[in-house]
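1. how does the following fold in three dimensions:
(2 chains)
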There are 2 protein chains.
Amino acid sequence: MTAYQAPLDDMRFVLRELAGLDDVSALPGFADATPDLIDAILVEAGKLASDVLAPLNPVGDREGCVLENGAVRTPKGFAEAYAQFVEGGWNGVPFDPEYGGMGLPMLVAGATFEIWQGANMGFAICPTLTQAAVELLSTHGSDELRAIFMNKLVSGEWTGTMNLTESQAGSDLSQVRTRAVHDGAQYRITGQKIFITYGEHDYTDNIIHMVLARSPDGPEGVKGLSLYVVPKFLVRDDGGLGDRNDIRCLSLEHKMGIHASPTCVLAFGEAGDGAIGYLVGEENHGLQYMFTMMNNARLAIGIEGVGVSEHAYQHALAYASERIQGQVSGPDGEWVPATIDRHPDVRRMLLSMRARTEAIRAVAYYTGAALDIARHHPDTDVRAQKQALVDMLIPVVKAWSTDTGIDVANTAVQVFGGAGYIEESGAPQFLRDVRITAIYEGTNGIQALDLVGRKVARNGGAAARALMADMRSLNVDLSKHSGVEDLSVIQSILKKAIDALEEATAWIVDTYPEHPDTVAASAAAYLELMATTTGGWLMARAALAAHRRLDGGENSPFLREKMRSSRFFADQILVRAPVLSATVIRGWAAVMRTDDTAP
Amino acid sequence: MTAYQAPLDDMRFVLRELAGLDDVSALPGFADATPDLIDAILVEAGKLASDVLAPLNPVGDREGCVLENGAVRTPKGFAEAYAQFVEGGWNGVPFDPEYGGMGLPMLVAGATFEIWQGANMGFAICPTLTQAAVELLSTHGSDELRAIFMNKLVSGEWTGTMNLTESQAGSDLSQVRTRAVHDGAQYRITGQKIFITYGEHDYTDNIIHMVLARSPDGPEGVKGLSLYVVPKFLVRDDGGLGDRNDIRCLSLEHKMGIHASPTCVLAFGEAGDGAIGYLVGEENHGLQYMFTMMNNARLAIGIEGVGVSEHAYQHALAYASERIQGQVSGPDGEWVPATIDRHPDVRRMLLSMRARTEAIRAVAYYTGAALDIARHHPDTDVRAQKQALVDMLIPVVKAWSTDTGIDVANTAVQVFGGAGYIEESGAPQFLRDVRITAIYEGTNGIQALDLVGRKVARNGGAAARALMADMRSLNVDLSKHSGVEDLSVIQSILKKAIDALEEATAWIVDTYPEHPDTVAASAAAYLELMATTTGGWLMARAALAAHRRLDGGENSPFLREKMRSSRFFADQILVRAPVLSATVIRGWAAVMRTDDTAP
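-> Sure thing, here's the model as predicted:
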């Protein structure tokens, strides 16, 4: 069976045709991000993924991590792979060259993230956390903090962690009890955090914890939370490592998946007066900083869903093209033994996996490009407009890519049949690994609430309407190709989907002010509707681009297959939009009925 | 957190209002199956499940089975629990009193199966296999074989296994290589079987293997397969255990779930001239016998899906009603801390789990009742008509209950949030356990092909039309209650669903003869359509029955909640039927396109 290969053809197509890589490369500061350079980067990333990270993926699952005397031993080969990753400069792809980064667009960084996550999610979540720490420090950290920490975090010589959750404070961070007290210019942090990804490990000699804690004398609730940077080892003035800080890994969680990623319970300051920490930005703004950062982290988690989907698809495809069961009619009408990828229901599963993976990739990359424009475009209005689009689409990408990732991984198990239930086949790991992505960085339910409330209702649906205007404009383009059956079918289904999204959006905007709970009961369906329609729109754009290039004489199996997956997506996924709209508008009645005791 | 409780209220409601327990009890031979007796049986089964089996469920997952020197050690407490199960006579619920069984309807046995599977699937799959062996022997075994094996299998003193799969022969049993040769009146069996559930264990002192093997001098393919009974220990004339037969457990599979259930690779006859086996029925009819038996086994697997769904729902509900996160507005308008079951999106998830579990239970029990009528009704025509219904619904129950079970278990993980990803929460086990049910006993893809081909197209859609006529008749009843909002909404959605099923059925019947592959590409969607509509119809019947009883003055939270779950099912699940129909009729185009190399 072939190992994971970075899906370079589809990445190139999505970057160029759907995400608008040329527009992104034309932004100020990205002059070096030429198509050739970007292509070379993806090719190299693909090699590291195929040669080093993907082969370790089952090893990480099997071995997991071990905690001994407060130290965590990661699976064999992982620390060496991380060293190679750092050596290659991969940790710094999106970061400021001032701190040693490559300074490439988030769009490009997102494509490399997909490759790392696809190859080995348990490994790749580590640099994802470091990225979050870099973002927090570069946006809110003082010059002094940045001087101490940024270069080593950008290079990956040190890694970063996010410390939010406590056992009583999950989705509800107002319940955080970890507290900070003044100690001269610094702070002392005391408390216990749970679910800390890579909270302790043996990849690097220092770990930089970003800790949400209650400010000294801060108010109750989320407004009393500040953000502190709390390093495992204090840093001396000369940049070398000083004393060990009072942070201890008490235990590792026994998780369903991503066994290579140590999920820690961390105790801060249990031995004495508190772990030494440094305030990031201003007091009592901790949650706000975390949320700004989290927006991008959520995009990264959505991309995890894309990466695992792709790998699960490749894994199932490879099996289906080798496993012989049953027969099909041969060229002379006789029955001949067939690999299972010849059987219609298996073809359906494989095409469904591929089409949905392509769709979530398209939406994620499209959002990544919008993020680059929102940050770097010279025109303030364009920046604001794109930021509103990004804010709206990020919960969509996070929830839809991860729910789809779970579904695709589940389908991969099914394609394997009986072998898919046996761990040695490798199929269960994708499902067990990707399952967390719908939960962490804000559950998908939280994403849906964020979408309907802050991102749609609060701006009166303006961002949604702007997106739908783009969709309608494509629909007009498509209608000029009514002689092409695929495009004609896609156009007709897309039109109904946009109508459905428009109707549901109007309902959300109208209903939210008086009945936010009713809208909350419909939030998940609305997110699925917006995701499906946005995905369907981008797949329709893909079909149109493929048609034009094929019509222009390109003889490309890839483009013909893109037509096919776009058609499938319209026929089997986008077609659901009107029902989702009906569910949004009318599906909440039974949910909100509270006559009796059952929830 | 409360442990599993058999859902007796819903079981009673479904048995009485939807499955027609009174009609079943009135069948010849079931005079003893009074409502009181049946209720007492379910109550007692519920006790064994809550007190003994459910507490062992996480133990089985954690410990798994160990193979040492050819012997399998099951997890601590399981052999004792099995002894209690046998002691209580539970193994014999549906079996002929002639052999020591209780002689109760399959409908009632199905309800007890749900309880065992719900409490502890890894345990309960063992008696499910024994049931299959009993069925094969009682239907096709000679008097002599029945005299030797039946009583001990019915009591559960010995267990049974099914040996079909070989590494090259999964869904395609024509590839079976295990072979039998004559040895006087008996046979010698040589070969290797895989995926043998409870192929070796320490519950009982004998194991009776039902083995599909190539007949001596039989033709190629499936027509050369016979069924042999091959006991672990030969049975002496006095009924005592004789020599050990030449059967060896080579290894145990390392599975994603049901760790308590040993899945064995079995070698027959590797030490000498072959394991001693006895022919069941006639030579070369092995597969036919297996398929007849498998029909009922498939119903049992569907019921596994129901049982695990129920337990996963209860587990999530218990957590959601204890876990405090966030706030809701209190009686005086102030914000008060809330358990998560008060939040609309969590309510939606919980209600969705419950409504879908109730719907799959309704369809499974309805099918179980039809099976009893098909076997025991005095009128040949009624028997034939019900058998056609059962044949059609069994693949529906098997696939839909198990796909739904996976989805419900997946939702349970989500309700737990971060804790749901940690094995100690118990949530992942349901998802890992139930995942196999969509695969074994014929993958759900195979079920869909069976439905569209043998069960719908082959009889010109007659069985489907008969079912739809029943659905239409309910729709007329519902339309007499247009003043009751729930019933009016349900009626309107149900009508569209029946129309959709009718249209798709006509397409299947028309298309299959010339284009079976096209229909195969749409088979999964058709199965989901028929399942959804049948489930929606039974939930609508439930709503009508609940309305009548409430209208008659019963003050029952259960009945009000049944109205609520029925309304939810219509609003959010049944409403999808028209889209599923469109997918059946028009969704295959991209799947069947084969211009290029990608499947």
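2. can we go C-alpha only for contacts and neighbour counts from here?
-> OK.
3. quick one, domains of chain A?
-> Following automatic domain parsing, one gets these domains for chain A: A:8-139, A:159-284, A:443-599.
4. tell me if the second one is near chain B.
-> Yes: part of domain A:159-284 sits near chain B under the criterion C-alpha under 8 Å from any C-alpha of the partner chain, namely A:168-172, A:195, A:253-257.
5. now do the strands in chain A.
-> A:66-68, A:71-73, A:159-163, A:179-183, A:186-197, A:207-214, A:225-231, A:233-235, A:241-244, A:247-252, A:263-268, A:275-280, A:324-329, A:335-339 (DSSP state E).
6. contact partners of the fourth one?
-> Same thing as strand A:179-183. Residues from elsewhere that reach strand A:179-183 (C-alpha atoms under 8 Å, 6 or more residues apart in numbering or on different chains): A:187-191, A:213-216.
7. is the helix ranked longest in chain A positioned near chain B?
-> As assigned by DSSP state H, the longest helix anywhere in chain A is helix A:380-416. Yes: Helix A:380-416 lies within reach of chain B by C-alpha under 8 Å from any C-alpha, at A:Q414.
8. list the buried ones in that helix?
-> Using 16 or more other C-alpha atoms under 10 Å in any protein chain shown as the test for burial, helix A:380-416 gives A:383, A:385-416.
9. one more: stretch A:529-548?
-> A:529-547.
10. how about stretch A:273-292?
-> Buried residues in stretch A:273-292 (16+ other C-alpha under 10 Å): A:274-281, A:283-287, A:289-290.
11. now that stretch, how far from the chain's geometric center?
-> Relative to the chain's own centre, stretch A:273-292 is displaced by 24 Å; criterion: C-alpha atoms, centre = their mean, to the nearest Å.
12. average model confidence for it?
-> Mean pLDDT, stretch A:273-292: 95.
13. name the residues that touch it?
-> A:136-137, A:140-142, A:186-190, A:212-213, A:215, A:218, A:222-231, A:245-247, A:268-269.
14. A:E334: how many residues sit nearby?
-> Using other C-alpha atoms under 10 Å in any protein chain shown, A:E334 has 9 neighbouring residues.
15. for stretch A:67-82, how far is the first residue from the last?
-> Stretch A:67-82 has an end-to-end distance of 19 Å (C-alpha to C-alpha, to the nearest Å).
16. list the buried residues for it?
-> Neighbour count says stretch A:67-82 has A:67, A:72-75, A:78-79, A:81-82 buried, by 16+ other C-alpha under 10 Å.
17. adding distance to B:L8, write the strands of chain A out as TSV.
-> Below are these laid out as TSV (distance: least, C-alpha to C-alpha, whole Å):
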stretch	distance to B:L8
strand A:66-68	44
strand A:71-73	48
strand A:159-163	44
strand A:179-183	49
strand A:186-197	38
strand A:207-214	47
strand A:225-231	48
strand A:233-235	58
strand A:241-244	58
strand A:247-252	39
strand A:263-268	40
strand A:275-280	54
strand A:324-329	43
strand A:335-339	46
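18. mind checking which of those is nearest B:R560?
-> strand A:186-197 (40.1 Å; C-alpha to C-alpha).
19. direction included, what does the closest one pair up with?
-> strand A:179-183 (antiparallel), strand A:263-268 (antiparallel), strand A:275-280 (antiparallel) (DSSP bridges).
20. give the rounded mean pLDDT of it.
-> The model assigns strand A:186-197 a mean pLDDT of 98.
21. repeat for stretch A:129-137
-> The model assigns stretch A:129-137 a mean pLDDT of 96.
22. out of the buried residues of stretch A:529-548, list just those in helices.
-> A:529-547.
23. and A:V176, what does it touch?
-> Per C-alpha under 8 Å, 6+ apart, neighbours of A:V176: A:164-166, A:168-169, A:212-214.
24. neighbour-wise, give me the winner out of these.
-> A:R214 (31 neighbours).
25. what bridges to that residue?
-> Beta-bridge partners, per DSSP bridges, of A:R214: A:R179, A:L225.
26. wouldn't it be in contact with A:L225 here?
-> Yes: when contacts are counted by C-alpha atoms under 8 Å, A:R214 is listed as touching A:L225 (4.5 Å).
27. the helices in the stretch 401-550 of chain A, which residues?
-> Ranges of helices in the stretch 401-550 of chain A, per DSSP state H, counting those that start in this stretch, are A:427-434, A:444-450, A:462-479, A:485-511, A:516-521, A:523-551.
28. how near is the residue nearest to A:G420 when sequence neighbours are not counted to A:D433?
-> Among residues not flanking A:G420 along the chain, A:V413 sits closest, at 4.5 Å (C-alpha to C-alpha, 6 or more residues apart in numbering or on different chains). To A:D433, A:V413 is 13 Å away according to C-alpha to C-alpha.
29. and what of A:I301?
-> Counting by C-alpha to C-alpha - A:I301 and A:D433 are separated by 12 Å.
30. higher neighbour count, the two?
-> A:I301 (29 against 24).
31. for chain B, what are the nearby residues on the stretch 451-599 of chain A?
-> So the stretch 451-599 of chain A meets chain B at A:517-518, A:520-524, A:557, A:560-561, A:564-565, A:567-568, A:571-572, A:575-576, A:579, A:583, A:586-587, A:589-593, A:596-599 (C-alpha under 8 Å from any C-alpha).
32. among those, which are in helices?
-> Per DSSP H, those map to helices at A:517-518, A:520-521, A:523-524, A:557, A:560-561, A:564-565, A:567-568, A:571-572, A:579, A:583, A:586, A:589-592.
33. give the PyMOL command for selecting the buried subset of these.
-> This is the PyMOL syntax for the buried subset of these, where burial follows 16+ other C-alpha under 10 Å:
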select buried, chain A and resi 517+518+520+521+523+524+560+561+564+565+567+568+571+572+579+583+589+590+591+592
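34. residues in contact with A:A399?
-> Counted by C-alpha under 8 Å, 6+ apart, A:A399 has contacts A:302, A:438, A:443-444, A:447-448.
35. at 6 Å instead, please
-> By C-alpha atoms under 6 Å, 6 or more residues apart in numbering or on different chains, A:A399 lies in contact with A:N444.
36. which among the buried residues of stretch A:273-292 gets closest to chain B?
-> A:L287 (15.4 Å; C-alpha to the nearest C-alpha).
37. separation between the closest one and A:F416?
-> 44 Å.
38. picking up where we left off before, Serialize the contacts of A:V176 to TSV and add fields for distance to A:D61.
-> Listed next are those as TSV, based on distance: C-alpha to C-alpha, whole Å:
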residue	distance to A:D61
A:L164	26
A:T165	24
A:E166	26
A:Q168	29
A:A169	29
A:L212	30
A:A213	33
A:R214	36
